[in-house]
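In: Need coordinates for the following:
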Amino acid sequence: MIFESLSQQFNFGKFKGSDLGEVLICQPSYIEWVIKNVSGNVCAFSDEVIDEINLIFPNFIITQELFYLIKQRQYEYKQRQYEYDNTEDEYYYEDECYRDDFYQEETYERYNGSYAQDVMGYSDDDIDTIFDGDPLAYWNID
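Out: The predicted model follows:
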C-alpha cells in the first residue's frame, strides 16, 4: 500500500484502521518506525503525503536518513507494482487467452492406462471432447 493522503487508513500493524493523520497526532514515533522497518511492498508514502506532513506536522522532522528510506520504499513499491502489472501480460499469446484464472490444468487420471492417454498423450478432457469419452476411439482420427 502507498499512503496518498493523511486520511488514508493503515491496513496493518497496531494502528490498523486508523488514519495516517491520527497516528501522527497520537504517536508520531510509530510513523518513523514504519519508515525504517516496513518494506515498500507493504507500506510506502507518496511525495504528496510527505509534503502534507511537512506542512501540517512541522514537529515531525524528516531527517536525511528518513527521506532516503522514504525514497527507497517508494522505489520498492513501484517496482513491485510494475512486476505485478506485467505478470498478467505474459499469458497472452496471439488471440488466445491463457490467463491463470481461466486456465484449467489438464488431468490424466480417468483414462490412465489407455493407449490414447499413455502413448498418444491425450488428456482426460481431450478424450472426453475428441473421442466422446471413449479412449478406444483413438484409431478414428484422420
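
In: Look up the closest residue to D125, ignoring the ones flanking it.
Out: Nearest in space to D125, with sequence neighbours left out and distances taken as C-beta to C-beta, 6 or more residues apart in numbering, is E106 at 6.1 Å. All C-beta spots, glycine's among them, are computed from the backbone N, C-alpha and C.

In: domain ranges for this structure?
Out: The chain resolves into domains spanning 2-90, 104-142 when parsed by automatic domain parsing.

In: In the chain, mark out all the helices, start to finish.
Out: 20-26, 28-37, 47-56, 64-87, 115-118, 124-130 (DSSP state H).

In: Would you check that S46 makes contact with Q74?
Out: Yes - using C-beta atoms under 8 Å, S46 makes contact with Q74 at a distance of 7.4 Å.

In: any common contacting residues for the two?
Out: Common neighbours of S46 and Q74, counting by C-beta atoms under 8 Å, 6 or more residues apart in numbering, are I2.

In: ok, back up a step: any chance of the domains of the chain in TSV, with mean neighbour count too?
Out: Putting those into TSV (neighbours: other C-beta atoms under 10 Å) gives the following:
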stretch	mean neighbour count
domain 2-90	14
domain 104-142	13
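
In: a markdown table for those, including mean pLDDT?
Out: Converted to a markdown table, those look like this (pLDDT from 0 to 100):
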| stretch | mean pLDDT |
| --- | --- |
| domain 2-90 | 87 |
| domain 104-142 | 77 |
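
In: excluding its backbone neighbours, what's nearest F12?
Out: Leaving aside its sequence neighbours, F12 is closest to V42 (6.3 Å, by C-beta to C-beta, 6+ apart).

In: Using CSV, please lay out the helices of the chain together with distance to E4.
Out: As requested, the helices of the chain are exported to CSV (distance: least, C-beta to C-beta, whole Å):
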stretch, distance to E4
helix 20-26, 10
helix 28-37, 15
helix 47-56, 6
helix 64-87, 11
helix 115-118, 54
helix 124-130, 46
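
In: how much space between the residue nearest to D125 and I127?
Out: 11 Å (C-beta to C-beta, to the nearest Å).

In: And S114, by the same measure?
Out: 8 Å.

In: Pull up the overlap in contacts between those two.
Out: Residues touching both S114 and I127 by C-beta under 8 Å, 6+ apart: P135.

In: Sweet, I'm off.
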